[in-house]
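this one's sequence-less:
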C-alpha cells in the first residue's frame with residue numbers, strides 16, 4: 001500500500017472525513033497547507049470511490065491539485 005495513504009489513514013481527522021463521505025455529507029478541508037489538502041482530497045477520492053469538486057482561487061492552484069496527488073498516490 002502507498003506509504004502516504006497509509007499515513008493519512010492513521011489521522012483521526014482523515015477518518016472523520018471518510019465517515020462523513022460515507023454518510024453522503026459534504027466535507028471541506030481548511031487550515032492545512034495546499035499540498036496536504038491536495039493529498040487529502042486525492043486519498044479520500046481513491047478510498048471512497050467518489051469524485052470531488054475542488055474550487056481553486058487560480059489556474060496554478062488547480063494544476064497543483066491535479067498533478068501532485070496523482071503522482072504520489074498513483075491514481076488517475
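Okay, I see it. Since this is a predicted model, take the numbers as computed values, not measurements.

Flag every buried residue along stretch 20-38.
21, 37, 38 (16 or more other CB atoms under 10 Å). Quick note: C-beta positions are derived from backbone N, CA and C, even for glycine.

how about those in a markdown table, adding secondary structure, distance to residue 49 and pLDDT?
Converted to a markdown table, the buried residues of stretch 20-38 look like this (DSSP: H, G, I helix; E, B strand; the rest coil; distance: CB to CB, whole Å; pLDDT from 0 to 100):
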| residue | secondary structure | distance to residue 49 | pLDDT |
| --- | --- | --- | --- |
| 21 | helix | 10 | 90 |
| 37 | helix | 20 | 81 |
| 38 | helix | 18 | 78 |
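
ok, of these, which one's closest to residue 15?
residue 21 (10.7 Å; CB to CB).

pretty sure that closest one is touching residue 48, no?
Yes. Applying CB atoms under 8 Å, one finds residue 21 in contact with residue 48, separated by 4.7 Å.

Pass me the low-pLDDT residue ranges in the chain, would you?
Flagging of the chain using pLDDT under 70 yields the residue ranges 1, 61-62, 64-76.

Could you pull up phi and psi at residue 25?
Dihedral angles of residue 25 (phi, psi; degrees, to the nearest 10) stand at phi -100, psi 160.

any idea how far it is from residue 19?
Using CB to CB, to the nearest Å, residue 25 is found at 9 Å from residue 19.

Which of the residues in stretch 43-55 are classified as buried?
Buried-residue list, stretch 43-55, by 16+ other CB under 10 Å: 43, 44, 45, 46, 47.

Thought residue 17 was touching the first one, still the case?
No. Under the contact definition of CB under 8 Å, residue 43 does not touch residue 17, with a separation of 9.3 Å.

Dump the buried residues of stretch 20-38 into CSV; add distance to residue 63 as well.
Shown next, in CSV, are those (distance: CB to CB, whole Å):
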residue, distance to residue 63
21, 25
37, 14
38, 10
